[in-house]
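# Kindly return the folded structure for what I paste below:
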Amino acid sequence: MNAAFAALVTWGVATNWPVGVALCAVYAIVLYFVTGWLVQRNAHDKPGRSGNTVLTSLLYLLFIGAVAVTGLLIPLNVFKCGDSTVIDYPYETQNAYITDATKFPNDVQTWYANESAYQSRTMSSFAYLPLSDTTVFQGQSSSDTTLWVTGVWTVSAGQSPSKINGIYSPQEFVVVSGNSTDTEKACFMCYSDDMFSNSAICCTNGVATSVTTARFGRVPFDLFASNDGLLWFRSEPEGSSFYVSSAVYSIDPMDLSNTLIMHSAKKSGGDSTGYPNANEECASSIRYLSLTVLAISVLPVILSSVWLYRRRMIPSMSLSLYGGITGLIITLTYVINPVFDNLGELLRWWFYFSSLIWLLISTGAHLTNRLKSNTLSWSINVSGLIYFISLFGMFHVPFGGDTYDRVGYWILITIVGFIPLMLLSVVTGRVLLMVLGAIGLLIDVWRFSDYIVGQADESVRVPVQFIILALAGLGIGVLGYFLSKRQKYFHDRIDAWSNQYLRRWRLQDHNQIETISPDSAHDVLVLSEEGVTSEKAVAQTGIVLS
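Presented below is the predicted three-dimensional model:
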């Protein structure tokens, strides 16, 4: 049913956005009342219980999400930027790449004007060099340890295929002839590392291979060999986060290290060149859009989350509250600076430190009995998951390329991330944290084995990596078994420590107190007034009298 509603809302937004907003609002109302009815039914069927279940927690999360989307759709479709809405026009008002193609050779001008043809063009997976009678192609041998990574191979007449080491996942093969008639090379987009973080242009004549050293913010694409012996392609500089228009580059395949030229200029948000009066108008629209999103989407999410938790003790509201605060950070950023262009970096720091603080606060609440068990489970598990994912963005491993793929970064992420998650699992008794920490250690072992395998002979790489991963998996499994067998011991020791040192902040254990329905409370009162023993009251009501 939820999928059907989502499809209906999507159809409404695509057809006529007010219809989509109305459908989304109806969906939110239906979710709220249906979930409330389920809670009441559960409480009626099981007297003494609150009626909250995992299902109702998820449905209330969907309700909060519907509230957020309803409030988001209106400003995204109302505020204008030139002749378009802000949602269709945001990037051009900030940064874009301007290219003057009139200075290009005629064949390059034709290529540049047909950018859309790239989407429908079939990319070649090989290139034939007639002068040397050599074929350069994309392929993989049966001994490759990483099955999804293809390499570059060359083969000449009467010889066996030979692999070019250190180049991964080649694409878009083209043949470029040099200025002299006796030079030619096969060029293609490639990665210089098997983690796909350093994209580059590679060229080879079948004997010697060269790779560009410049780093790109976007994978080079749409390669074109011009008549003057240059290779042209589209990409973006490292650090750029705008994809409305790509920059145009040229390079001499015979000298990749010194001939890279970018033929495009970056238009910043403060420069309205090509967009008369757009910057001032769109900056104002983005600011008003952010304020409106804050007022009718973000704040309702925060207030609804707080209200549902305080009135109905819905445990999943910790997640929706975190989402609302994240939205608050984003909208306030664009209210202050409408042309802010580094949202990715902001969120990288925000998710890491906010999830860490949330996880530590949840652990403190566990030690002092400040929250009920189901609320703690949602809070600790979700914050732990966000923290685990944010670790890779914060430390740039294993996807940061050669700059970050170093022993120090791997040790750091293990010490401040993976091991603390396992220790917090022991403290809080939440298995998910242990699983996340174990996954992190397995990633460590995988990177270590990948390094060892890279130093070994190609014929023994697969068995060596298998042995290392098998032993590591066995070791982590033994550690998990030991911790599970000693779980009660650790729980008792931690509970005793918190009783001794955190007594002044520690509350009565919520997990031993169940919510008493009005009918059950009335039964207890009547039984007590009639002089019924506490044992008999327990037998009749299931509630302990104190």
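# So which residues of the stretch 351-500 of the chain form helices?
373-395, 407-413, 419-428, 431-455, 461-485, 487-501 (DSSP state H, counting those that start in this stretch).
# among the ones you listed, which is nearest residue 203?
The stretch from these with the least distance to residue 203 (C-beta to C-beta) is helix 431-455; that distance is 24.0 Å. Heads up, the C-betas are built off the backbone N, CA and C, glycines and all.
# How far away from the center of its chain is that closest one?
19 Å (C-alpha atoms, centre = their mean, to the nearest Å).
# list the buried ones in it?
Residues of helix 431-455 classed as buried by neighbour count (16 or more other C-beta atoms under 10 Å): 432-438, 440-441, 443-445, 447, 449-450, 453.
# just stretch 358-365 next, same as before
358-359, 362-363, 365.
# Contacts for that stretch next, please.
322, 370-371, 376, 379-380, 383-384, 386-387, 424, 427-428 (C-beta atoms under 8 Å, 6 or more residues apart in numbering).
# Strands of the stretch 51-200 of the chain, residue ranges please.
80-81, 84-85, 96-99, 126-129, 134-139, 151-156, 162-164, 168-177, 184-191, 199-204 (DSSP state E, counting those that start in this stretch).
# rank those strands by pLDDT, which is bottom?
Among those, strand 84-85 has the lowest mean pLDDT, at a mean of 52.
# any idea which residue sits dead centre in the protein?
residue 389 (7.3 Å; C-alpha atoms, centre = their mean).
# Tabulate the helices of the stretch 351-500 of the chain (TSV), appending distance to residue 116 and mean pLDDT.
Output for these, formatted as TSV (distance: least, C-beta to C-beta, whole Å; pLDDT from 0 to 100):
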stretch	distance to residue 116	mean pLDDT
helix 373-395	33	91
helix 407-413	41	89
helix 419-428	47	91
helix 431-455	40	87
helix 461-485	43	84
helix 487-501	60	84
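# Adding distance to residue 140, write those out as CSV.
What follows is those, written out as CSV (distance: least, C-beta to C-beta, whole Å):
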stretch, distance to residue 140
helix 373-395, 27
helix 407-413, 27
helix 419-428, 35
helix 431-455, 16
helix 461-485, 13
helix 487-501, 45
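# Show me what the top helix by length along the chain is packed up against.
If you go by DSSP state H, the chain has its longest helix at helix 17-45. Counting contacts by 3 or more C-beta pairs under 8 Å, 6 or more residues apart in numbering; DSSP states H and E, helix 17-45 is packed against helix 2-15, helix 54-78.
# Tell me which of the ones you listed lies nearest to residue 249.
Nearest of these (C-beta to C-beta): helix 54-78, 34.1 Å.
# who wins for proximity to residue 340 among the helices of the stretch 351-500 of the chain?
helix 373-395 (18.5 Å).
# Buried residues in the closest one, which are they?
Those would be 374-388, 390-395, for helix 373-395 by 16+ other C-beta under 10 Å.
# Show me the shaky parts of the stretch 251-400 of the chain.
267-281, 400 (pLDDT under 70).
# change it to 90
By pLDDT under 90, the low-scoring segments of the stretch 251-400 of the chain are 254-255, 257-259, 264-289, 310-313, 334, 337-345, 365-377, 393-400.
# Okay, strands next: where are they in it?
Going by DSSP E, counting those that start in this stretch, the stretch 251-400 of the chain shows strands at 261-262, 264-267.
# Kindly compare burial across those strands and name the winner.
Most buried of those by mean neighbour count (mean count of other C-beta atoms under 10 Å) is strand 264-267; its value is a mean of 18.
# Partner strands of it and their direction?
Each strand paired with strand 264-267, and its direction, by DSSP bridges: strand 96-99 (antiparallel).
# send the alpha carbons of the partner strand over as PDB?
Output in PDB follows, covering the C-alpha atoms of strand 96-99 (Å, rounded to 0.1, in the frame of the first residue of the first chain):
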ATOM      1  CA  ALA A  96      29.100  26.400 -14.400                       C
ATOM      2  CA  TYR A  97      31.700  25.900 -17.100                       C
ATOM      3  CA  ILE A  98      31.700  28.300 -20.100                       C
ATOM      4  CA  THR A  99      33.400  27.100 -23.200                       C
END
